[in-house]
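In: Dropping a prediction and its sequence here:
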Amino acid sequence: MIVCVCKSVSDRTIRASIAEGMDSFDELQFELGVATCCGKCEESVRDVMSQSGVCASRCGVTHAHPVAVPAVQPLMFYERKAA
């Protein structure tokens, strides 16, 4: 399965790189180019790392599927008064 469409990186390529000794997201990002263009594949790459058993040490994911909570910014409206 293609994980990173921008760089055409598959889950097999990521697993092979992990088997060769790459055990951090930064190393995979540098060597394979994953998550360097649009960034949409980052969570999938981290999931593959988790499934490969390197997550506990250095992938940066605290649990299997991190929940992204968007920050809510209050809207402010300003009333313009005639001069």
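Out: The structure has been received and is ready for your questions. Because the structure is a prediction, the values reported are computed rather than measured.
In: So which bits of the helix or strand harbouring Phe30 are buried?
Out: Phe30 is part of helix 25-32, with elements assigned from DSSP states H and E. Neighbour counts using 16 or more other CB atoms under 10 Å place Phe25, Leu28, Gln29, Leu32 of helix 25-32 among the buried residues. Every C-beta, even on glycine, is put in place using the N, C-alpha and C of the backbone.
In: before we move on, what about stretch 35-55?
Out: Those would be 35, 41-42, 44-50, 52, 54-55, for stretch 35-55 by 16+ other CB under 10 Å.
In: by contact count, what packs against the helix holding Phe30?
Out: Applying 3 or more CB pairs under 8 Å, 6 or more residues apart in numbering; DSSP states H and E, we find helix 25-32 packed against helix 11-19, helix 42-51.
In: Looking at the buried residues of stretch 35-55, spot the one nearest Arg80.
Out: Taking CB to CB as the measure, Arg80 sits nearest to Glu42 out of those, at 42.5 Å.
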